[in-house]
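Q: output the structure for:
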Amino acid sequence: MILAHSAGGLVATLYAPRHPGAVRGLVLNSPWLEMHLGPGARKSLERPVHLMARRLRSRPILPVGDDAYARATHRDLGGDYDYDLELKPPGGHRFPASTLRAMLDGHRRLAAAGPLAAPALVMHSDRTAITSRRGERALRADTVLDVRSLAAAARRLGPRVRIVPVDGARHDVFLSDPPVRATAIEILDDWLATDLLSAPTMTGTGRTAGPDASETGTS
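A: Residues are numbered from 1 along each chain as shown. The predicted structure is shown next:
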C-alpha cells in the first residue's frame with residue numbers, strides 16, 4: 001500500500017497502474033491531482049509553462065511563502081507535531097519552472113488514464129483558503145490546493161475510490177488540529193478494514209487473489 005501527500009499523491013496515482021500487482025491500495029492525503037480551477041486552467045497554462053521551463057529549467061518561479069503553516073503545526077514553533085524542518089521548511093520550498101511543467105504533464109496523463117484497479121482513499125479539507133491574508137480560518141483549511149478541482153479529479157479515478165472531505169483539515173490532513181487528525185485516522189481505519197481488506201488483489205501472474213494471499217507491496 002502507498003500513503004502519499006500532495007504532489008506525492010499524483011506520483012503514486014500515476015505509478016500504481018504502471019506497476020500492476022505492486023500496489024494493493026492507495027491512501028491519498030490532499031493529492032495534487034489537478035491544477036487549480038480545473039482542466040480548463042491547466043490546458044491554458046501548458047504551453048506558456050513549457051516555454052518558461054525550457055528557458056528557466058530549474059530556476060525558481062515562485063518564492064517561499066510565509067511561515068504560518070509551520071507555526072500552526074510544528075511543536076518547536078507553537079504547533080503539536082514534530083517533522084523535519086529541512087525537508088519541510090517553514091514557508092515551503094521555492095518552486096522551479098521544470099517542476100511545474102512536470103506536474104502539468106502528470107495532470108494531463110492522469111486525466112487521460114482509465115480507472116484505477118486498486119482501491120483508493122482520498123482525504124482532503126472541506127474548504128480552500130488560498131489568500132494573502134491568512135487568519136484563524138486559514139488554519140482549518142487547505143491553503144495550498146483547490147479542493148474542488150482535487151475532488152473532481154478524484155471522482156474520475158473510478159468506482160473504487162472513496163473520497164472524504166474532512167471538516168477543518170489543513171493541507172496535510174494528518175497535521176491538522178488533534179481532533180481533526182483523530183477523525184482522519186478513524187476514516188483511514190474504517191477504509192483499511194472495509195474497502196482494502198475486502199478488495200481482491202492481482203498476483204504477479206495476473207490472477208486474482210483474495211486479501212490473504214501473499215504479494216509484493218510498495219509502501
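
Q: can you check the pLDDT for G65?
A: Note on G65: pLDDT of 79.

Q: count the neighbours of it for me.
A: 17 (other CB atoms under 10 Å). The way it works is simple: take the backbone N, C-alpha and C, and place the C-beta from them, glycine included.

Q: does it count as helix, strand or coil?
A: With DSSP: H, G, I helix; E, B strand; the rest coil as the basis, G65 sits in coil.

Q: tell me which residues form a beta bridge with F95?
A: Beta bridges link F95 to L62, judged by DSSP bridges.

Q: surely it is in contact with I61?
A: Yes. Assessed by CB atoms under 8 Å, F95 is found in contact with I61 at 6.1 Å.

Q: ok, now which ones touch the closest residue to L77 other than its chain neighbours?
A: Residue nearest to L77 in three dimensions, not counting chain neighbours: R71, with 4.6 Å by CB to CB, 6 or more residues apart in numbering. For R71, the contacting residues are 77-79, 90, by CB atoms under 8 Å, 6 or more residues apart in numbering.

Q: list buried residues within those.
A: Among the contacts of R71, those buried by neighbour count (16 or more other CB atoms under 10 Å) are 79, 90.

Q: can you give me the buried ones in the helix or strand where the residue nearest to L77 lies?
A: Element membership for R71, per DSSP states H and E: helix 68-73. Residues of helix 68-73 classed as buried: 68-70, 72-73 (neighbour count, 16+ other CB under 10 Å).

Q: send the alpha carbons of it over as CSV?
A: Provided in CSV are the C-alpha atoms of helix 68-73 (Å, rounded to 0.1, in the frame of the first residue of the first chain):
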residue,chain,number,x,y,z
ALA,A,68,2.1,30.5,9.3
TYR,A,69,1.6,26.8,8.5
ALA,A,70,4.8,25.8,10.3
ARG,A,71,3.9,27.9,13.3
ALA,A,72,0.5,26.1,13.5
THR,A,73,1.8,22.6,13.1
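
Q: what sits closest to the residue positioned nearest the centre of the chain if chain neighbours are left out?
A: Taking CA atoms, centre = their mean, the centroid of the chain lies closest to P31, which sits 1.5 Å from it. Take P31 and drop its neighbours on the chain: the residue closest to it by CB to CB, 6+ apart is G9, 2.3 Å away.

Q: buried residues of the strand or helix carrying Y15, list them for me.
A: Assigned by DSSP H and E, Y15 falls within helix 7-18. Within helix 7-18, the residues scored as buried using 16+ other CB under 10 Å are 7-16.

Q: from P63, how far off is the residue nearest to P31?
A: 24 Å (CB to CB, to the nearest Å).

Q: same question, L87
A: L87 is 19 Å from P63, by CB to CB.

Q: try H107
A: 23 Å.

Q: which one's more surrounded, the two?
A: H107 (24 against 9).

Q: for the helix or strand that contains the more buried one, the averaged confidence score.
A: H107 is part of helix 97-112 when elements are defined by DSSP H and E. Helix 97-112 shows a mean pLDDT of 95.

Q: what number of residues lie near M35?
A: M35: 24 neighbours (other CB under 10 Å).

Q: which ones are touching it?
A: 41-42, 45, 103-104, 107, 149.

Q: please check these and keep the buried ones.
A: The buried subset of those - by 16+ other CB under 10 Å - is 42, 45, 103-104, 107, 149.
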